[in-house]
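A.B. asks: sequence? don't have it. structure:
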């Protein structure tokens, strides 16, 4: 039985994160040594720890370069690690992407390209198509982030504005064999969506990319308009010979992390209910639904009897509207939790945690936060109006004032968000 609800929830998050640690999962998926060279490339929040796992377990010569988010790097001996901008691309990422392409020049069919891909790679592997400037790409990225577009929509557009994503990296490596080891942070674990699928075939079209822009009413400069109308925006055909010589292997997934947390809950006498590993939607709307389920459990022991924990993963969104005025600080997990606290309205015996498994909720320094039955009461006593904080997307500051932020630092992995609602 749970004696400390806060500790129990943080232990579940730790178990979920540990299940996605590439240093524990990658080695068993390494391919055989090639006759020729082994070139390691990659991008994502887990790129450095994945590269470290390769170095520690590879028996032959190695060379290469991977790109990760600032403060997510590690000192390696053979593989260069470059830190760059996320979620908005920057010059460092663009230069590193060019270096990766150069490292693939002159490879033969005897060579192996080991590509390490994880969430965050879309912005880190930044090489805009010809005629598009990095500043223009950054502006569109910022508009998308504020629009409420989901990750599949965002990456559809990114692939068609890129000179390296959407399968183009595999084409650049041809005729070498390409083995891509992936950590999934997307609904359905679709390799074509993770980091915008740089080494896998793409089924979307330039028209699909333009539809995303139209759906969210995003203004684009003439250069991007022209590029989307040109053949250059089309991703490589699925029957390109490069893809016949490429293999993708998933080494960590959101479901595996949820299962690890569920197993820990069960061992503590708490019934785990996994609601899904790919829940999307506006953070506030998801919170409303989750609160209703928690209330049903608390009042009627449905769909499971107390004590139990509702576990879920996926990626919610936060839409910042023009009439929101001055917005504060807070990622999607903190916004979810503040909305959840308001919907629960002090319901006894209900505690919740929501954190990003990469250790960073949005662009802040916390992984997420935790709420308790007295969250709103403590906020009120501190002179904090929870509804006003939510209205201006300022959840970070409220939880910071209450001492309820969870700060893990970079975990160097990423299987997206982890949510756990404990009902006693």
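C.D. replies: Nice, thanks for sending it over. Note that the structure is predicted; figures quoted are calculated from it, not measured.

A.B. asks: CA only for contacts and neighbour counts going forward, please
C.D. replies: Fine.

A.B. asks: distance of residue 71 from residue 329?
C.D. replies: Using CA to CA, to the nearest Å, we find residue 71 at a distance of 20 Å from residue 329.

A.B. asks: which one of those two has more residues nearby?
C.D. replies: Using other CA atoms under 10 Å as the criterion, residue 71 and residue 329 rank with residue 329 on top: 17 against 12.

A.B. asks: Which residue is the nearest non-sequential neighbour of that one?
C.D. replies: Nearest residue to residue 329, sequence neighbours excluded (CA to CA, 6 or more residues apart in numbering): residue 394, at 4.6 Å.

A.B. asks: In this structure the one you found contacts residue 332, no?
C.D. replies: No. Under the criterion of CA atoms under 8 Å, residue 394 is not in contact with residue 332, lying 10.7 Å apart.

A.B. asks: Which one's more surrounded, these two?
C.D. replies: Comparing residue 394 with residue 332 by other CA under 10 Å, the one with more neighbours is residue 332, at 26 against 22.

A.B. asks: thought that one was touching residue 319?
C.D. replies: No. Residue 332 is beyond contact range of residue 319, at 9.7 Å (criterion: CA under 8 Å).

A.B. asks: Past the top helix by length along the chain, which element shows up next along the chain?
C.D. replies: The residue-count maximum for a helix in the chain (DSSP state H) belongs to helix 283-300. On the C-terminal side of helix 283-300, the nearest following helix or strand under DSSP states H and E is strand 308-317.

A.B. asks: Beyond that following strand, next helix or strand please.
C.D. replies: By DSSP H and E, the next helix or strand past strand 308-317 is helix 332-344.

A.B. asks: Mind checking the pLDDT average for that following helix?
C.D. replies: Per-residue pLDDT over helix 332-344 has a mean of 98.

A.B. asks: Just want the angle from it to helix 283-300.
C.D. replies: Taking axes from the mean of the first three to the mean of the last three CA atoms, to 10 degrees, one finds helix 332-344 and helix 283-300 inclined to each other by 40 degrees.

A.B. asks: Tell me which strands whichever helix or strand comes after helix 332-344 pairs with, and in which orientation.
C.D. replies: Downstream of helix 332-344, the next assigned helix or strand under DSSP H and E is strand 350-356. Applying DSSP bridges, strand 350-356 is found paired with strand 368-371 (antiparallel), strand 417-423 (antiparallel).

A.B. asks: residues making contact with strand 350-356?
C.D. replies: Contacts of strand 350-356 from elsewhere in the structure, counted by CA atoms under 8 Å, 6 or more residues apart in numbering, are 5-6, 9-10, 13, 294, 333-334, 336-337, 361, 367-373, 406, 414, 416-424.

A.B. asks: related to what we said a few turns ago, mind checking the strands paired with strand 350-356 for the one nearest to residue 193?
C.D. replies: strand 417-423 (16.5 Å; CA to CA).

A.B. asks: mind checking how far residue 380 is from residue 398?
C.D. replies: 11 Å.

A.B. asks: now residue 418
C.D. replies: 20 Å.

A.B. asks: More neighbours: these two, which one.
C.D. replies: residue 418 (27 against 22).

A.B. asks: Phi first, then psi, for residue 112.
C.D. replies: phi -120, psi 130 (degrees, to the nearest 10).

A.B. asks: Quick one: neighbours of it, just the number.
C.D. replies: Residue 112 has 25 neighbours, counted by other CA under 10 Å.

A.B. asks: Hmm, it is touching residue 31, no?
C.D. replies: No. Taking contacts as CA under 8 Å, residue 112 lies outside contact range of residue 31: 9.2 Å.

A.B. asks: Could you name the helices and strands sitting against the helix or strand harbouring residue 400?
C.D. replies: Element membership of residue 400, judged by DSSP H and E, is helix 395-402. Counting by 3 or more CA pairs under 8 Å, 6 or more residues apart in numbering; DSSP states H and E, the packing neighbours recorded for helix 395-402 are helix 332-344, helix 375-381, helix 386-391.

A.B. asks: Would you mind finding the most buried of those helices?
C.D. replies: Of the helices and strands packed on helix 395-402, the one with the most neighbours on average (mean count of other CA atoms under 10 Å) is helix 332-344, at a mean of 26.

A.B. asks: ok and it relative to strand 308-317, angle-wise?
C.D. replies: 130 degrees.

A.B. asks: From here on, call the first residue 10.
C.D. replies: Understood, numbering begins at 10; the last thing we discussed is helix 341-353.

A.B. asks: so how far is helix 341-353 from its chain's centroid?
C.D. replies: 20 Å (CA atoms, centre = their mean, to the nearest Å).

A.B. asks: mind listing what's buried in stretch 187-195?
C.D. replies: 187-195 (16 or more other CA atoms under 10 Å).

A.B. asks: about what we covered before: let me see the mean pLDDT of the following helix or strand past the helix holding residue 409.
C.D. replies: Note on helix 404-411: by DSSP H and E, the next helix or strand toward the C-terminus is strand 414-415. Average pLDDT, strand 414-415: 98.

A.B. asks: Identify the residues contacting strand 414-415?
C.D. replies: So strand 414-415 is contacted by 364, 375-379, 405, 408 (CA under 8 Å, 6+ apart).

A.B. asks: again, but for stretch 273-284
C.D. replies: 10-11, 21, 24, 267-268, 271-272, 313, 315-321.

A.B. asks: And for stretch 210-225?
C.D. replies: Defining contact as CA under 8 Å, 6+ apart, one finds that stretch 210-225 is touched by 153, 156, 158, 162-163, 165-166, 169, 175-176, 201, 228, 237-238, 242-247, 252.

A.B. asks: Break the protein down into its structural domains.
C.D. replies: 14-25+264-432, 30-261 (automatic domain parsing).

A.B. asks: for the contacts of stretch 273-284, which one is nearest residue 73?
C.D. replies: For the contacts of stretch 273-284, the nearest to residue 73 is residue 24 (31.2 Å; CA to CA).

A.B. asks: Contacts for the helix or strand containing the closest one, please.
C.D. replies: Here residue 24, judged by DSSP H and E, is contained in helix 14-27. When contacts are defined by CA under 8 Å, 6+ apart, helix 14-27 is touched by residues 11, 265-271, 273-274, 360-362, 364, 366, 379, 420, 422, 427, 429, 431.

A.B. asks: ok, and for that helix, which residues are buried?
C.D. replies: Residues 14-15, 17-19, 21-27 are the ones in helix 14-27 that count as buried (16+ other CA under 10 Å).
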